[in-house]
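1. can't give you the sequence, but here's the structure:
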């Protein structure tokens, strides 16, 4: 209670303090001078002079917090926001004393003018200044979008206030200037966003001249996206300067229905520009088809426009495209070009296309695993590129991405010697290792290079003899050679008990949850605390936990499922729908009729996991391969697959009568997205080797799943240059 009273007291103090600080700023002389300048009172410039030496601080209220700023910076900001003095006249932020500022005012007092049209002071009028603007053709798709918005734009109040509708009827090119003046009047000012129609200004200009407009903003080069410079007053000023000088040179064409200036150079566009525009289409089919076409287009043009779009603050593309569509386009267009140059089929055969479609759909565990295993055995090396290509295209299909990750990892490892003994295969693999890495997103596609880890001197010689003029492949050869000499040892986790993984506790589940009901602040708090309780229960308490949970109403917010502990904490991967009463009852019947080891074996057998000999005994060699390859992340993306690995680990623990120092549960899942079994996986692989339980020699080619660990211990894996 004392803590609550103290909290309320502190809160009240902060509110009173905040109110005082807010009033202190509003009542300050600088703020009043700012308001006078905004109304065109030139004397206010002179009255700001003493504040250019002041280190006193004023607090500004920013809606949710207060910012303390010295008066000299506030004074500079007021001048900067209310003037367009050229750099050769004065650079406000370079002023260090009030004397410098006053000298400037005294020298230029008679020259400083106020423009009511753009509500700012100037020495050199906009029409007498220079600006850098570029023009290029608009894709037809963009013209159609803008034209649809035209009727909505001209109904806005700022159109009527500036008589823009009247000037349009008169076909008077002065309308271009009036739009720019309003654009600048609504310019950005600190902690004040007036520009509610920021897009409509620029969109209207584009409609009226049927050209795209590029401006030199705060970034290097020309910016074509208006979202990038709505907060860049200099960029908006450049647009105003240009049309102040040139609006008369635009003549309205009654046949074309827009203003034309034949003297301006206009950059030509091609189909690639149109395809980029289609990425924003609300039609999924159009957006995806355009994305695919772009991946197969000229990589120089695709790269140039991808960089332009990637660096902008503009709206996102259609959600059917990859999460980072422009990064993907840049690298995939380079991949397809390499394939065309080297006569590699990246599209794939029709039968592979149908299989990829299947893997993208909802399948049972057995169906999916059967297809994966079939592809691992039947695909040719040439097929792999098309599988990778389409998996990147359909990045938003998580099941495809998970399956592709396992297929590719196992295939490359099984056929590693074939790749090393074929120069074309090896060069393609090395090329991919860089292109995929350059995508800059999570996923096992980042780790192609790590398969060279610990390959030794023989592979080093193969790489030495590989001839190529491709600089990207050469850079990857250098890294691969270093990796060949990098010894791989299974990492050891010294902290095997942690916040996400601790031993279970015997407790009265009903009593604990009833206590939570009495103390929980709301439903959200109740659900979180309930999951915390369920994360503590042990194997013997599962039936009681399910019985209690059945009676609790959960809202199923985000990841929150009241039965999630059964899969995450115990590794029961095979139940597809824990919310089904029938499936839960079937599970409990099996639980009650089997001991713990038999229960895990039952579900592994039902899932058709091949981990036994024909006599029914455990085959440790088969288990070793399962541990190595089946704890995997998506090929592209960050989600980890839930499969048989955790159940296999429980079988090993029960068979060998040791947990290797880990907790009795696989995870304590409350508030945690998921617990990776990788630490236990490595420990058990090491255990099987050290205890001579393996009867076969297993290849030392590392799995893509080791990539996250190897990135930490091999520093040059991330670097493009050694």
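-> Perfect, thanks for sending it. As the structure is a prediction and not an experimental result, all values here were calculated from the model.
2. Which strands or helices does the one helix or strand residue 686 maps to pack on?
-> Element membership for residue 686 (DSSP states H and E) is helix 678-690. On a contact count with 3 or more Cβ pairs under 8 Å, 6 or more residues apart in numbering; DSSP states H and E, helix 678-690 meets helix 620-629, helix 645-656. To be clear about C-beta, it is placed using only N, CA and C from the backbone, and glycine gets the same treatment.
3. Low-confidence stretches in the stretch 101-250 of the chain?
-> 193-199, 217-220, 226-229 (pLDDT under 70).
4. residue boundaries of the strands in it?
-> Applying DSSP state E, counting those that start in this stretch to the stretch 101-250 of the chain gives strands spanning 113-115, 120-122, 133-137, 211-215.
5. could you redo those as JSON lines and give each row mean neighbour count?
-> Converted to JSON lines, those look like this (neighbours: other Cβ atoms under 10 Å):
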{"stretch": "strand 113-115", "mean neighbour count": "15"}
{"stretch": "strand 120-122", "mean neighbour count": "20"}
{"stretch": "strand 133-137", "mean neighbour count": "17"}
{"stretch": "strand 211-215", "mean neighbour count": "21"}
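6. Including distance to residue 696, could those go into JSON lines?
-> Output for these, formatted as JSON lines (distance: least, Cβ to Cβ, whole Å):
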{"stretch": "strand 113-115", "distance to residue 696": "84"}
{"stretch": "strand 120-122", "distance to residue 696": "80"}
{"stretch": "strand 133-137", "distance to residue 696": "63"}
{"stretch": "strand 211-215", "distance to residue 696": "64"}
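7. for those, which one sits closest to residue 300?
-> Within the strands of the stretch 101-250 of the chain, the stretch nearest residue 300 is strand 133-137; the backing value is 16.5 Å (Cβ to Cβ).
8. what separates that closest one from the chain centre, distance-wise?
-> Distance of strand 133-137 from the chain centroid (Cα atoms, centre = their mean, to the nearest Å) equals 30 Å.
9. What pairs with that strand, parallel or antiparallel?
-> Applying DSSP bridges to the sheet, strand 133-137 is found paired with strand 211-215 (antiparallel), strand 266-267 (parallel).
10. where does the protein have its least confident helix or strand?
-> Least confident element among the helices and strands of the chain, by mean pLDDT, DSSP states H and E: helix 2-26 (a mean of 47).
11. which is the next helix or strand following that one?
-> With elements assigned by DSSP H and E, the helix or strand that comes after helix 2-26 is helix 29-38.
12. count of neighbours near residue 294?
-> Number of residues near residue 294 (other Cβ atoms under 10 Å) recorded here: 29.
13. Help me confirm that it is found in a helix?
-> Yes. Counting by DSSP: H, G, I helix; E, B strand; the rest coil, residue 294 falls inside a helix.
14. Go ahead and confirm it touches residue 271.
-> No. Assessed by Cβ atoms under 8 Å, residue 294 is found out of contact with residue 271, at 9.7 Å.
15. any idea how far residue 123 is from the residue of the chain positioned farthest from its centre?
-> For the chain, the residue at maximal distance from the C-alpha centroid (Cα atoms, centre = their mean) is residue 110, at 53.3 Å. Counting by Cβ to Cβ, to the nearest Å, the gap from residue 110 to residue 123 is 10 Å.
16. Which stretches in the stretch 451-600 of the chain count as helices?
-> 457-465, 471-484, 509-519, 523-534, 542-550, 564-568, 581-593, 596-606 (DSSP state H, counting those that start in this stretch).
17. Reformat those into CSV and put distance to residue 62 next to each item.
-> What follows is these, written out as CSV (distance: least, Cβ to Cβ, whole Å):
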stretch, distance to residue 62
helix 457-465, 57
helix 471-484, 47
helix 509-519, 36
helix 523-534, 29
helix 542-550, 45
helix 564-568, 40
helix 581-593, 52
helix 596-606, 56
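18. Out of these, which gets nearest to residue 92?
-> That would be, of the helices of the stretch 451-600 of the chain and by Cβ to Cβ, helix 471-484, which comes in at 46.3 Å.
19. Which positions within that closest one qualify as buried?
-> By 16 or more other Cβ atoms under 10 Å, the buried positions in helix 471-484 come out as 472, 473, 475, 476, 477, 479, 480, 481, 482, 483, 484.
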